[in-house]
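Asker: quick one: sequence plus predicted model below, questions after.
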Amino acid sequence: MSDTPVIKSMRIVPVAGYDSMLLNIGGAHNCYFTRILVILTDSAGNSGVGETPCHASTLQLLEHFRPLIIGSSLMRANATLSQLFASDARQQHTSHTNDIHIPQMNPEKFYNAAAAIEAALLDLQGKFLDLPVADLLASGKQRERIPVLGYLFYVADRKRTNMDYRSGDNEADGWFRQRHQPAMDSAAVVRLAEAAVEQYGFRDFKLKGGVLHGEQEVETVEALLSRFPQSRVTVDPNASWSLDEAIRFGKQLAGKVPYLEDPCGAEQGYSGRETLAEFRRATGVPVATNMIANDWRQLQHALQLNAIDIPLADPHFWTMRNANVVAQLCNEWGLTTGCHSNNHFDVSLAMVAHLGAAAPGDRQTAFDTHWIWQDGQPLSHQPPQIRDGYLELPPGPGLGIELNMERVEQAHALYNALPDKNRNDALGMQFLIDNWRFDAKRPALVR
Ligand SMILES: O=C([O-])[C@@H](O)[C@@H](O)[C@H](O)[C@@H](O)C(=O)[O-]
Ligand SMILES: [Mg+2]
């Protein structure tokens, strides 16, 4: 194919946006979050984009890969990506702990970098072939919209900090104002959920736990269930509960929640895969995870131990094509497909939409997305929409989005102006608790 496009340029653009003071086991989200866009252009005149979490070492790695990408043939993207995977960088920049909540860890950036490059190549291929990316993934497009969940957090009082959190004051009442206000108990989280339902029509919720005592978080789940009896509600304490606690709470919630996410983890010499297997046996509650099955080797061990039911294969941890293979395995092996997320812009939202659209079979749990906390800060002209609890596949070839370069440059300028460019959830916590430190086995406010 002599007229096959070749990659002409690769722009690596770190970008930043605003976030609320969301709490989790790692502390409090900063008022800013950062991501990286990889923008490729080809000789046919198209541009393709991918998004991934931002870290200084991911930026370096992307620079390192640039010579492999420039001049490569678009339709030989498989070979190009195989070269990335065969490079030493894969071993050197892959952690097998994957605990993104530990600020001082500077691990695994290989997959984040590869994911952004792969997404941009798929976007370009889709534009060249006039096909959506979902059709380029092995199982092909299965649906036009995918269920997503309302991702709820306890929200700290931003006024206790001197950080640049938005106030929401210039927003009309409803979700866009509510998401900036403190929500530290069950009643406040229920109000957040009501605003989210009003805006997006969710029927599924996940409460980010690992913040208060487990009893209080279980009470919040029950409050959500009694307010939305037709909905599915779960909680993710990010493995901060002990196995004993997880079993106690699991028995309390059995039959009421569709699954629990990482209810417990490694303790007393037993791995997280082992404790989750014991949890499942003791409670019969299905287990989802984004903490102990984030690559092929981890997934294999998790499945051998019968530790999990729902691998939340995030395309930024696995790459889109690998996450699609996980979805195929789920379909063939009787598991349920799901997807994890972190704060993100709308390029990632489109990546997730295509991944969900291509997942085969009907055992799919509502995908995670943090987008509702970022909605209103798009980097594309027409971001994918969440309506009636579903994320709609954007129309058009490739990822179906076109970058709004003016907004991209603004988000890049914001990134350049930030003092702290890597995620560090411990920072904001110092305003709430003196000398606060991360502890994987204690909820953030239990000190
Ligand atoms: O955004 C957060 O605070 C979450 O805690 C995120 O960092 C996790 O990776 C995540 O969403 C999860 O499901 O564990
Ligand atoms: Mg999780």
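Answerer: Great, that's in hand. All figures in this text were calculated on a predicted structure; none of them were measured in a lab. Ligands and ions are numbered 1, 2, ... in the order given.
Asker: which ones are touching Leu32?
Answerer: I think there's a mix-up here, since residue 32 is Tyr and not Leu. The neighbours of Tyr32, taking Cβ atoms under 8 Å, 6 or more residues apart in numbering as the test, are 16-19, 164, 414, 418, 420. Where C-beta positions appear, they are placed from N, C-alpha and C, glycine not excepted.
Asker: in strands, which of the residues you listed appear?
Answerer: 16-18 (DSSP state E).
Asker: pick the one among the residues you listed closest to Phe65.
Answerer: Nearest to Phe65, judged by Cβ to Cβ, of the ones in strands among the contacts of Tyr32 is Ala16 at 22.6 Å.
Asker: circling back: could the ones in strands among the contacts of Tyr32 be laid out in JSON lines, adding neighbour count?
Answerer: Below are the ones in strands among the contacts of Tyr32 laid out as JSON lines (neighbours: other Cβ atoms under 10 Å):
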{"residue": "Ala16", "neighbour count": "24"}
{"residue": "Gly17", "neighbour count": "22"}
{"residue": "Tyr18", "neighbour count": "18"}
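Asker: these into CSV, with extra columns for distance to Pro147 and pLDDT?
Answerer: Below are those laid out as CSV (distance: Cβ to Cβ, whole Å; pLDDT from 0 to 100):
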residue, distance to Pro147, pLDDT
Ala16, 29, 98
Gly17, 25, 98
Tyr18, 27, 97
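Asker: tell me the secondary structure at the most centrally placed residue in the chain.
Answerer: Note on the chain: the residue nearest the mean C-alpha position is Ser341, at 1.1 Å, using Cα atoms, centre = their mean. Judged by DSSP: H, G, I helix; E, B strand; the rest coil, the three-state class of Ser341 is coil.
Asker: now Ile372
Answerer: Assignment for Ile372 (three-state DSSP): helix.
Asker: report how many residues lie close to it.
Answerer: 22 (other Cβ atoms under 10 Å).
Asker: my guess is it contacts Arg179. True?
Answerer: Yes. Taking Cβ atoms under 8 Å as the definition, Ile372 is a contact partner of Arg179 at 7.3 Å.
Asker: how much space between Arg227 and Thr369?
Answerer: The gap separating Arg227 from Thr369 is 21 Å, by Cβ to Cβ, to the nearest Å.
Asker: more crowded one of those two?
Answerer: Looking at Arg227 and Thr369 with other Cβ under 10 Å, you find the greater number of neighbours at Thr369, namely 29 against 17.
Asker: my read: that one touches Ile146, true?
Answerer: No. The pair Thr369 and Ile146 fails to qualify as a contact (Cβ under 8 Å) at a distance of 10.0 Å.
Asker: ok, and what's touching the lowest-mean-pLDDT helix or strand in the chain?
Answerer: When the helices and strands of the chain are scored by mean pLDDT, DSSP states H and E, helix 89-92 comes last with a mean of 76. With contacts defined as Cβ under 8 Å, 6+ apart, helix 89-92 is touched by 61, 64-65, 84, 110, 113.
Asker: if any of those are buried, put those into a PyMOL selection.
Answerer: Buried subset of the contacts of helix 89-92, written as a PyMOL selection, criterion 16 or more other Cβ atoms under 10 Å:
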select buried, resi 61+65+84+110+113
